[in-house]
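1. Just to be clear, the model below is a prediction. Sequence and coordinates:
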Amino acid sequence: MRNKRRTMDRTDCLIRGGLVYDGSGAEPYIADIAVKGDRITAVGRELPVAADRVIEASGLAVSPGFIDTHAHSDFTLMADPRASGKLSQGITTEINGNCGMSAAPLFGKAAERREQDLLELGIRERWNTLAEYLSLLESRRPSINFATLAGHGNIRGSIVGYDERTPTQAELSLMAGLLKDAVEQGAIGLSTGLIYPPGIYSETEELVSLGWVLRDRDLIYTSHMRSEGDRINDAVAEVLRIGQEAGIKVHISHIKTAGQQNWSKADRIIALLEDTIRAGMRLTCDRYPYIASSTDLDSILPAWTYAGGNEDEIRRLLNDDDRKRIARETAEQWAYPGYWEKVIISTVSSEKNRWMEGKTIAEISRRLGVVEAAFLLDILVEEKLRVGAIFLSMSEENLRKFLALPFCMIGSDSSARCPEGPTKQGMPHPRGFGTFPRFLGKYVRDEGLMTLSVAIHKATQLAADTFGLKGRGVLREGAYADITVFDAAGIKDRAAFEQPYLLSEGIHFVLVNGTPAVWEGRITGSRGGRILRG
């Protein structure tokens, strides 16, 4: 519609004179954008239209709303649908259900395992199926669009539980049935978390067989791989094997090489991924623009520790023989100089231990006068495993290499939170409030890692195409009016490890399905998000 003039009806919102980055990766151009209802009705120069709201965007970048390809807001949006931390980054859509952990399906042992999460967030409703969950979330009227994968951990946990064993053929058939049901109810693919129970106990053949459910529907398989460190080469090979044998498109979650001893592996892994794409596989990945990761503290324990579920894990941590073995194997696994100085406690559940949040395990252990491995096991028992941690384990050089890959998108790997209310808990990773401004400000504008057009393409159209989000990720007539207007020279993340809840700067306006969610830099409280069912 560029340069096209015509008589138009009055419209709801006119974005006038901004530098339009349409999501395609093409060079930007100055244009107006007209919005009526939830759609873009025109894009062109000096549109002859009257509007109820006018955004004077001269000197500002106008982009499709950013798509967070790796989110964990399955429960936090139920607890607080405002999603301030995401809106302040210009995010209008999230892909949830990652790392094998989705809100549904949720039966049996899987439902029991999630009960404490729901209680801590004050969520009173309970559900089993994805259809039931999505209906409940829809009634919350979230501020951002929500799409979800079906978590393999949920599916396996619902049928097999958390036992360290291979499913029977009957159980595998039931698992495939749960995945089919989830897909029919709106899931856009399958995710795995192969360092977490119960995914850690799955074999490659199990995942291939579930991949066949995705093939006919052309849905995506995403994976938190079995290793992102010492065994990363084998882990990448497994992901590629699953994609090849199941005949499906594959997405590697938060790609990284963790641990200094593994930093040199990045180039070889990148070459393998590029060769695989050239050979015809549909392969993508995502990454957050930080060199620290974050997950449950007990994820660094030996795999056998988790078998049977949380109660069995705690019993092992209390049993003298098991405790000695766990401490020994953990110390051997992470016997790198300064390792415990790079593990930060981010969240605990008890008020008594709140002082530990934001401090390293080395610092806390010195204060308590105990060795690090002993403290690790003690705090996990005392907090009933509900301890989050941040791990400073990655290379800045490799981060830039991964971000620059043309098939790498941006994912925060975080939940939607607000600076106040039920989702303000602990000292979480700042990526929940800073990912996209940090990427566009630090790495694109300040360091020139890529052009802004390419960066926006990664954060919008590439993400929408990869996850099958029709009509989103682009600025064109007929597309949904998910739009972010920002100052390319001033966009900046403010959240830090010491202050993780600070909102970002430089995002001036955000429309979600045409609803003004951010106006003149302030979150409006209007909630126009939708459930994006597959």
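-> Ah, there it is. Given the structure is predicted, the values throughout are model-derived calculations rather than measurements.
2. Arg472 and Ala481: what is the separation?
-> Noted for Arg472: a distance of 10 Å to Ala481, by Cβ to Cβ, to the nearest Å. For every residue, glycine as well, the C-beta is placed using N, CA and C.
3. One more: Thr11?
-> Taking Cβ to Cβ as the measure, Thr11 falls 10 Å from Ala481.
4. Which one's more surrounded, the two?
-> Legend: neighbour count by other Cβ atoms under 10 Å for Thr11 and Ala481, higher for Ala481 (27 against 22).
5. Can you report phi and psi for the more buried one?
-> Geometry field for Ala481 lists phi and psi as phi -90, psi 60, criterion degrees, to the nearest 10.
6. and it, what pLDDT?
-> As summarised for this prediction, Ala481 has a pLDDT of 98.
7. and what of the one 5 residues further on?
-> We have a pLDDT of 98 for Phe486.
8. Quick check, it in contact with His508.
-> Yes. At 6.1 Å, Phe486 and His508 qualify as touching, with contact defined as Cβ atoms under 8 Å.
9. Now do the shared contacts for these two.
-> Between them, Phe486 and His508 share the neighbouring residues Leu60, with contact defined by Cβ atoms under 8 Å, 6 or more residues apart in numbering.
10. Between these two, which has more neighbouring residues?
-> Taking neighbours as other Cβ under 10 Å, Phe486 and His508 compare with Phe486 leading, 29 against 23.
11. all helices of the stretch 351-500 of the chain, in order?
-> Per DSSP state H, counting those that start in this stretch, the stretch 351-500 of the chain has helices spanning 361-368, 372-382, 396-404, 431-438, 452-459, 461-467. These are given in chain order.
12. any idea which of the ones you listed is most buried?
-> For these, ranked by mean neighbour count under the definition mean count of other Cβ atoms under 10 Å, the leader is helix 431-438 at a mean of 28.
13. Chain neighbours aside, what residue packs nearest to Arg315?
-> For Arg315, ignoring the flanking residues on the chain, the nearest one in space by Cβ to Cβ, 6 or more residues apart in numbering is Asp322 at 7.9 Å.
14. That neighbour belongs to a strand, doesn't it?
-> No. Checked against DSSP: H, G, I helix; E, B strand; the rest coil, Asp322 lies outside a strand; its state is helix.
15. can you pull the contacts of it?
-> Residues counted as contacts of Asp322 (Cβ under 8 Å, 6+ apart) are 305, 315-316.
16. And Glu477, by the same measure?
-> Taking Cβ under 8 Å, 6+ apart, we find Glu477 in contact with 1, 40-43.
17. can you rerun that using 10 Å?
-> Listed by Cβ atoms under 10 Å, 6 or more residues apart in numbering, the contact set of Glu477 reads 1, 4, 33-34, 39-44.
18. Would you mind checking those residues for buried ones?
-> Buried members of these, scored by 16 or more other Cβ atoms under 10 Å, are 1, 33-34, 39-44.
19. Among those, name the ones in strands.
-> With strands defined by DSSP state E, the entries of those inside them are 33-34, 39-44.
20. And these, which two are furthest apart?
-> Every pair in these was compared (Cβ to Cβ); the two farthest apart turn out to be Arg39 and Gly44, at 15.3 Å.
21. coming back round to it: show me which of the contacts of Asp322 are buried.
-> Buried residues within the contacts of Asp322, counting neighbours by 16+ other Cβ under 10 Å: 305, 316.
22. Using TSV, lay out the contacts of Asp322 together with distance to Phe391.
-> Converted to TSV, the contacts of Asp322 look like this (distance: Cβ to Cβ, whole Å):
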residue	distance to Phe391
Thr305	18
Arg315	26
Arg316	23
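23. Let me know whether Arg82 touches Leu503 as I believe.
-> No. Distance between Arg82 and Leu503: 12.0 Å, which falls outside the contact criterion (Cβ atoms under 10 Å).
24. Which neighbours do those two have in common?
-> The contact lists of Arg82 and Leu503 share 418, 523, where a contact means Cβ under 10 Å, 6+ apart.
25. Show me which residues of the helix or strand of the chain with the lowest mean pLDDT are buried.
-> The least trusted helix or strand in the chain, going by mean pLDDT, DSSP states H and E, turns out to be helix 320-333, with a mean of 93. Within helix 320-333, the residues that qualify as buried are 322-323, 326-327, 329-331, counting by 16+ other Cβ under 10 Å.
26. Make CSV from the residues you listed and add distance to Ala50 to it.
-> Converted to CSV, the buried residues of helix 320-333 look like this (distance: Cβ to Cβ, whole Å):
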residue, distance to Ala50
Asp322, 73
Arg323, 73
Ile326, 69
Ala327, 71
Glu329, 70
Thr330, 67
Ala331, 70
